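# model the following, please.
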Amino acid sequence: MRFVVLAGATVPACATGAFAAKPTDWETQFQPAATDIMAQIQWFANYTMWFVVPIVVLVMALLGIVMFRFRASANPTPSGTSHNTLIEVAWTVLPVLVLLFIAIPSFQLLTAQYSPPAPPAVTVKATGHQWYWSYDYQGGGKQDVSFDSLMLDADGRKDADKTDMAQYPRLLAVDNEMVVPVGKVVRVLVTSGDVIHSFAMPSFGVKMDAIPGRINEAWFKVEKPGIYYGQCSELCGQNHAFMPIAVRAVTPEQYRNWAASAAKDLGSANKQLRASIAAGRKNDDVASGERAGTVRLADAAAHEPPYGSQGATQNTTPGTSTGRE
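The predicted model follows:
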């Protein structure tokens, strides 16, 4: 038996850089999936609900029935039944079948999480510290890029020109985001420089412990440009709550330009990248407006009758002269 993820669970790609995956008020579900693995996780969670909910309802109903029908006042002499072959077979076989229907897609998902679809295009070492992250890009012989990523306070947001709360949420915005290309496999080597941390990105379906003296490996492939936020999810001390993770996914061309520039001047590279994203978003808006205007003009032309038809209609109206005797 083979379970597959429905085609509707795949992640749509988008050219805009305005998208930001972050926690929202009163959120009770998963964040929007930014990777195929997270889409599969969401599918599996919804799939298991088809088993969990009926089982919970059945157990609660049976509990209520037993409490009412077999209460002491209605049964002063309790039953002495100690064996029922049919019931014992049923409550053994049915749970086994349920576990099989859950275990098979679960192991398939687990296999997918440890099986990147392609060799990694980018390798980043993420090191947790009290209380920030540092990223080391390993370029395979090229000039590497290394920097720290710290949470921005109110003054830091102003200095970094990151006051847009929609793009740079409070307690999640950082001075330097991890930059990755969309549509490419990114390998993350996770470790720690002091205590145990955890690299958790909900929209990626990634959560990997950062342990001192040990390197754990994870991977992801983002399908949509934007900024994605996570947090350290392992209690690591006083400022554990102020240790966000920010990943900026950009087009491969933007990533190549950023990497080449960041090796020389990280601050300048980040500014150029943000300017490139803003310019691309502006061009997308202009193109969308032009397409909308073209559609409106075409629609108006389609509903306007030709002049020749109007003249023929007027000249052939009954009771009017055509100008010829």
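# element containing Ser198?
Assigned by DSSP states H and E, Ser198 belongs to strand 197-201.
# pairing partners for that strand, with directions?
strand 206-210 (antiparallel), strand 226-232 (antiparallel) (DSSP bridges).
# so what's Pro169 closest to, chain neighbours aside?
Nearest non-adjacent residue to Pro169, counting by CB to CB, 6 or more residues apart in numbering: Lys22, 5.1 Å away. All C-beta atoms are positioned from the backbone trio N, CA, C, and that covers glycine.
# ok so, going back, which one of the strands paired with strand 197-201 has the most crowded surroundings?
Stretch with highest mean neighbour count among the strands paired with strand 197-201: strand 226-232 (a mean of 24; mean count of other CB atoms under 10 Å).
# what's the following helix or strand after that strand?
strand 244-250.
# quick one: mean pLDDT for that following strand?
For strand 244-250, the mean per-residue pLDDT is 97.
# export that strand as CSV, just CAs?
Only the C-alpha atoms of strand 244-250 are listed here, as CSV (Å, rounded to 0.1, in the frame of the first residue of the first chain):
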residue,chain,number,x,y,z
PRO,A,244,14.8,34.6,16.6
ILE,A,245,15.7,33.0,13.3
ALA,A,246,15.1,34.9,10.1
VAL,A,247,15.6,33.4,6.6
ARG,A,248,15.3,35.5,3.5
ALA,A,249,14.6,33.5,0.4
VAL,A,250,15.5,35.2,-2.9
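# ok, back up a step: contacts for the strand holding Ser198?
Strand 197-201 has contacts (CB atoms under 8 Å, 6 or more residues apart in numbering) with 126, 128-129, 133, 188, 190, 206-210, 218, 220, 228, 230-234, 236, 243, 245, 247.
# now with 7 Å?
Strand 197-201 is contacted from outside by 126, 128, 188, 190, 207-210, 228, 230-234, 236, 245, 247, using CB atoms under 7 Å, 6 or more residues apart in numbering.
# residue contacts, the residue nearest to Pro169?
Lys22 neighbours (CB under 7 Å, 6+ apart): 169, 172, 229.
# now Gly205: closest residue in space, sequence neighbours ignored.
Met38 (3.5 Å).
# the one you found: neighbour count?
25 (other CB atoms under 10 Å).
# now it: which helix or strand?
helix 36-69.
# just checking, what packs against that helix?
Where contact means 3 or more CB pairs under 7 Å, 6 or more residues apart in numbering; DSSP states H and E, helix 36-69 is packed against helix 85-113.
# residue ranges with poor pLDDT in the stretch 51-200 of the chain?
Applying pLDDT under 70 to the stretch 51-200 of the chain picks out residues 140-143.
# one more: the stretch 201-325 of the chain?
In the stretch 201-325 of the chain, residues with pLDDT under 70: 283-325.
# all helices of it, in order?
Secondary structure of the stretch 201-325 of the chain by DSSP state H, counting those that start in this stretch: the helices cover 252-262, 266-303, 307-315.
# contact partners of the first one?
By that I understand helix 252-262. So helix 252-262 is contacted by 145, 179-181, 183-184, 250, 268-269, 272-273, 276 (CB under 7 Å, 6+ apart).
# of those residues, just the buried ones, ChimeraX syntax please.
Buried residues within the contacts of helix 252-262, by 16 or more other CB atoms under 10 Å, are selected in ChimeraX with:
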select :145,179,180,181,184,250,269,272,273,276
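# let me know the closest of the contacts of helix 252-262 to Pro54.
Gly183 (39.6 Å; CB to CB).
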